[in-house]
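> predicted model, plus sequence, below.
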Amino acid sequence: MKNSSAVRAKFRRIDSDVAFQDFNFCGPTDGRLISLRELGTWAFEARRGDVVAARQFANSMNWTMRQTALKAYHRTHRLQIVSYADWFLSKAAMFVRILLDSDPGTPYSDRPMKGMFRVPDYSDAASLEADHPLFALKPEHDDLYDWHGLVRAISEHPEDRDAALLAWLKRPRQTLSARKEFPATARRNNLIRQAYADDLSGRQICEILDRNEIPTTKPMQQAGVFRWTVAWNDPDFNGNVRTIFSKATAA
């Protein structure tokens, strides 16, 4: 990576912003914010084998790494201080450093905070340099990365979490979803899968698709149906919507 010192300074500036640290979502971006403390607790419990905590942490990655989260951040703070690439990579580094935290006794967020996000009790591996392979992730693939797989890889290998991270990064088939889908379809299907994992109803899933401006299918649009909630309520298209949901979760 060119000019790594400048890139490192940029990440340090963003990471030290408390508003940035606490601006995370575990569901749709009009829901409640998830604080850094909550993320730290989930990661701590995930490393102890709590699958629910691991899922919550991964869900937060799924929702927070998206452009919609950055747009919500800009609306809330009225500041255009970061590009999406900065947001994506800085959030990726933030989540990964939490997962790499080596302290076995106390969630790092419960320790005295020193120097904002970076704390002395982090393992060396958690101090990510700007040329770390993590920063080779592509923001344009934000909907395709298997964050649940990343969380499992790191939390299930407490003996060497950094090696688990590097292994995940070096295996494209594990890093990106193995499903062969066009990007637009993958984005829609990932939203559906995530909503199913959260036990949301069909109508709630349609509301999420509408909020994320996911277009309806061409047959729906030809019939003048441009919103998923309208399709859900339409007896002519409700079955089609259910079929799309079933195919997405079965893929």
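Right, received. Where do you want to start? Note that the coordinates shown come from a computational prediction; the quantities given were computed from them, not determined experimentally.
> for the rest of this, base every contact and every neighbour count on C-alpha atoms.
OK.
> next, count neighbours for M61.
Using other CA atoms under 10 Å, M61 has 26 neighbouring residues.
> now tell me which helix or strand of the protein has the poorest mean pLDDT.
helix 172-175 (a mean of 51; mean pLDDT, DSSP states H and E).
> following the chain onward from that helix, which element is next?
Moving toward the C-terminus from helix 172-175, the next helix or strand (DSSP states H and E) is helix 183-197.
> outside of the helix or strand just after that following helix itself, list whatever touches it.
Using DSSP H and E, the next helix or strand after helix 183-197 towards the C-terminus is helix 202-211. Helix 202-211 is contacted by residues 28, 188, 191-192, 195, 227-229, 232, 242 when judged by CA atoms under 8 Å, 6 or more residues apart in numbering.
> so which of those residues wins on neighbours?
W228 (26 neighbours).
> how distant is stretch 87-103 from the center of its chain?
Relative to its parent chain, stretch 87-103 has a centroid offset of 11 Å by CA atoms, centre = their mean, to the nearest Å.
> begin at 19 from now on, thanks
Fine by me, first position is 19 from now on; the one you just mentioned is stretch 105-121.
> let me see the mean pLDDT of that stretch.
Regarding stretch 105-121, the rounded mean pLDDT is 83.
> just stretch 258-269 next, same as before
81.
> again, but for stretch 155-168
81.
> would you mind listing the buried residues in that stretch?
For stretch 155-168, burial by neighbour count (16 or more other CA atoms under 10 Å) applies to 155, 157, 160-168.
> pull the CA atoms of that stretch into PDB?
In PDB, the C-alpha atoms belonging to stretch 155-168 read as follows (Å, rounded to 0.1, in the frame of the first residue of the first chain):
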ATOM      1  CA  LEU A 155     -10.500  -6.100   1.300                       C
ATOM      2  CA  LYS A 156     -12.600  -4.300  -1.400                       C
ATOM      3  CA  PRO A 157     -15.400  -2.000  -0.200                       C
ATOM      4  CA  GLU A 158     -17.300  -2.600  -3.500                       C
ATOM      5  CA  HIS A 159     -17.700  -6.200  -2.300                       C
ATOM      6  CA  ASP A 160     -19.200  -5.200   1.000                       C
ATOM      7  CA  ASP A 161     -22.300  -7.400   0.500                       C
ATOM      8  CA  LEU A 162     -20.300 -10.500  -0.400                       C
ATOM      9  CA  TYR A 163     -17.900 -11.000   2.500                       C
ATOM     10  CA  ASP A 164     -18.700 -13.800   4.900                       C
ATOM     11  CA  TRP A 165     -18.400 -11.900   8.200                       C
ATOM     12  CA  HIS A 166     -20.000 -14.700  10.100                       C
ATOM     13  CA  GLY A 167     -17.200 -17.000   8.800                       C
ATOM     14  CA  LEU A 168     -14.600 -14.400   9.900                       C
END
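> tell me which residues touch L107, please.
153, 155, 157.
> which element is the nearest residue to the second one once chain neighbours are set aside on?
Distances taken as CA to CA, 6 or more residues apart in numbering put L107 closest to L155, at 7.6 Å, once the chain neighbours are dropped. L107 belongs to helix 102-118 when elements are defined using DSSP H and E.
> re the thing from before, okay, who's weakest in the contacts of helix 220-229 by pLDDT?
Least confident of those in the model: P46, at 77.
> A strand includes that one, no?
No. Going by DSSP: H, G, I helix; E, B strand; the rest coil, the assignment for P46 is coil, not a strand.
> distance of A76 from H92?
Using CA to CA, to the nearest Å, A76 is found at 23 Å from H92.
> who has more neighbours, those two?
A76 (24 against 14).
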